[in-house]
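Undergrad: Model the following, please.
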Amino acid sequence: MHGLPEDRFVLAERLGASNATGHEIVFYGHYPLRNKEAELCERLGIIEMKVFMHLDMPLLGYFGSDRIKEIMQKMGMSEDESLNHPMITKALSNAQDKIAEQCITDMASRSEGGWMKSNYASGS
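TA: Take a look at the predicted model:
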C-alpha cells in the first residue's frame with residue numbers, strides 16, 4: 001500500500017473491536033457512503049478518526065478538488081502539504097450525502113474509483 005509495509009495494515013472490512021483495541025486507526029480515504037463509515041466507527045468504538053486522502057482521489061474529484069488545488073497553488077502551498085480544517089470535513093460529509101442520494105447500489109470494490117463506477121449514478 002503506497003510503499004508502506006503490508007503487514008502493518010488491515011482492511012477495514014476485516015477490522016474488529018478485538019484487533020482495533022489499543023491501536024491508532026488511520027484510514028486511507030473515506031468510504032463514499034457516510035452511513036457505512038459511521039457503522040464501522042460505531043462497531044469499532046472509534047470516536048475520532050484520522051483519514052488521509054489526496055486531491056486526486058475519485059471522491060474528491062466529483063466534488064471540486066480541482067478548485068482546492070487551484071487555491072493551494074495560489075497560496076504557494078506544496079502538493080504534499082497537509083490540509084486540516086472543519087470546512088474540509090463538512091465538504092466531505094456533504095459530498096458523501098450527495099453520493100448517497102444518487103447511489104444505485106453498494107457493491108464491494110477493490111478501489112474507490114471502481115466503487116464510484118459501479119455504485120454511483122454519475123460515476124461513469
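
Undergrad: Can you tell me how far the spatially most central residue of the chain is from Gly61?
TA: Centroid-nearest residue in the chain, with C-alpha atoms, centre = their mean: His30, separated by 1.6 Å. Distance of His30 to Gly61, computed by C-beta to C-beta, to the nearest Å: 13 Å. Backbone N, C-alpha and C define where each C-beta goes, glycine included.

Undergrad: Tell me, how many residues neighbour the residue nearest to Tyr28 when sequence neighbours are not counted?
TA: Excluding its sequence neighbours, the residue lying closest to Tyr28 (C-beta to C-beta, 6 or more residues apart in numbering) is Phe52, at 5.4 Å. Per other C-beta atoms under 10 Å, the neighbour tally for Phe52 reads 11.

Undergrad: So Phe52 versus Lys74, what's the distance?
TA: Applying C-beta to C-beta to Phe52 and Lys74 gives a distance of 24 Å.

Undergrad: Specify the local secondary structure of Ile88.
TA: Judged by DSSP: H, G, I helix; E, B strand; the rest coil, the three-state class of Ile88 is helix.

Undergrad: Buried ones in stretch 104-116, by neighbour count?
TA: Buried positions in stretch 104-116, judged by neighbour count with 16 or more other C-beta atoms under 10 Å: Glu112, Trp115, Met116.

Undergrad: okay but the second one is in contact with Ser109, surely?
TA: Read it as Trp115. Yes. In terms of C-beta atoms under 8 Å, Trp115 counts as a neighbour of Ser109; the distance is 3.9 Å.

Undergrad: what mean pLDDT does stretch 60-72 have?
TA: Mean pLDDT, computed over stretch 60-72, is 80.

Undergrad: got it, and stretch 76-87?
TA: In this model, stretch 76-87 carries a mean pLDDT of 81.

Undergrad: if we can go back for a sec, mark which of the buried residues of stretch 104-116 are part of helices, please.
TA: Those of the buried residues of stretch 104-116 mapping onto helices are Glu112, Trp115, Met116, per DSSP state H.

Undergrad: Tell me where this protein has helices.
TA: 17-20, 34-44, 58-61, 65-74, 86-102, 112-119.
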